[in-house]
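S.K.: only geometry, no sequence info:
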């Protein structure tokens, strides 16, 4: 077969046509959601086990994605390969599960071979298919119509619009379940601890704060020279002034030092209490790290102190600490 001459304009035109076909498929899918979709959602909500998603070929690839989306949005799910299920993996499906079976034609041999076994097991079968009169549909308790008028493939052979419809219908199911379960951003973060959202919603100030000997702290009567030594040794760009019970009395920062120098004050004669800012910004150890970041941004500061209910110093967190933890 000889390679045709590449034509850029034709490639762009074909690509646009493909997107238009798939967009029309999704637009036509939405009005068809109704009682069957609601019953599918109810069946999953009533399930005491997991959603076992099945599909062959391209439908199988889509099924893996749907299972992953369900699992990450509060609905326990797994993908079971139909061919492997016929050789032992069907044991992954238990009586408390729900099966979501995907097949555009509804006539996948591998899938249809295990449907009678699933029926005997008593698990509800949700079918996502483009043919309501198919073998898969006839075995199903609920049929989700994923039919499309045409494929985006100009040969009408490669699954394109049909797999897009399956993917979108799976997303619709996951989102409806998410809403019905009252699933929140915090729940999403718990299943995505390594992601940006997880870090923002799961990382607390106590996880990042510096404490103990790493904290630069001085008594109110500390001479200015010793205050500066403490600041330099701990390299946080500040020192906290605390009383005998470790209650915060104030903070002295690099910025305060610059202002004193500009005023021409005799620094050697001053004490920590005389130079400290008396009302530093504070957070609790239970606060989210992202809230500490918001406080720093609003106040235009680079360090915030961590205190308990009695204003005793527990630690400090800096903008650099937040950046290293990828909270910001």
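M.R.: Cool, got the structure. Just so it is clear, the structure is predicted and the values come from calculations on it, not from any experiment. Numbering: from 1, shown residues only.
S.K.: in the stretch 101-250 of the chain, which spans are helices?
M.R.: 109-121, 135-139, 161-181, 185-190, 196-202, 205-208, 224-234 (DSSP state H, counting those that start in this stretch).
S.K.: Which among those is found nearest to residue 97?
M.R.: Among the helices of the stretch 101-250 of the chain, the nearest to residue 97 by C-beta to C-beta is helix 109-121 (8.6 Å). Placement of C-beta: from N, CA and C, glycine included.
S.K.: Quick one: mean pLDDT for that closest one?
M.R.: Helix 109-121 shows a mean pLDDT of 92.
S.K.: Return the set of buried residues in that helix.
M.R.: Under the neighbour-count criterion of 16 or more other C-beta atoms under 10 Å, helix 109-121 has 110, 111, 112, 114, 115, 118 buried.
S.K.: Over to stretch 159-177?
M.R.: 159-170, 172-174, 176-177.
S.K.: For that stretch, which outside residues touch it?
M.R.: By C-beta atoms under 8 Å, 6 or more residues apart in numbering, the surrounding residues in contact with stretch 159-177 are 18, 21-22, 25-26, 29, 33, 37, 40-41, 44-45, 57-59, 61-63, 65-66, 69-70, 73-75, 100, 102, 104, 128, 130, 144, 146-148, 150-153, 183.
S.K.: Return a ChimeraX selection command for the buried portion of those.
M.R.: To isolate the buried subset of the contacts of stretch 159-177 in ChimeraX, counting by 16+ other C-beta under 10 Å, use the following:
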select :18,21,22,25,29,33,37,40,41,44,58,59,61,62,63,65,66,69,70,73,74,75,100,102,104,128,130,144,146,148,151,152,183
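S.K.: In strands, which of the contacts of stretch 159-177 appear?
M.R.: Within these, residues falling in strands by DSSP state E are 100, 102, 128, 144.
S.K.: Quick check, the first one in contact with residue 129.
M.R.: No. The criterion here is C-beta atoms under 8 Å, and residue 100 misses it with residue 129 at 11.1 Å.
S.K.: For residue 177, see how far away residue 69 is.
M.R.: Distance, residue 69 to residue 177, by C-beta to C-beta, to the nearest Å: 10 Å.
S.K.: Ignore what I typed, I meant residue 108.
M.R.: 25 Å.
S.K.: give me the low-pLDDT residue ranges for this structure?
M.R.: 1-2, 187, 189-199 (pLDDT under 70).
S.K.: How is it divided into domains?
M.R.: As assigned by the TED database, the chain contains the domains 8-183, 205-325.
S.K.: ok, now how distant is residue 223 from residue 260?
M.R.: From residue 223 over to residue 260 the distance is 14 Å, taken as C-beta to C-beta.
S.K.: Actually, residue 104.
M.R.: Per C-beta to C-beta, residue 104 is found 75 Å from residue 260.
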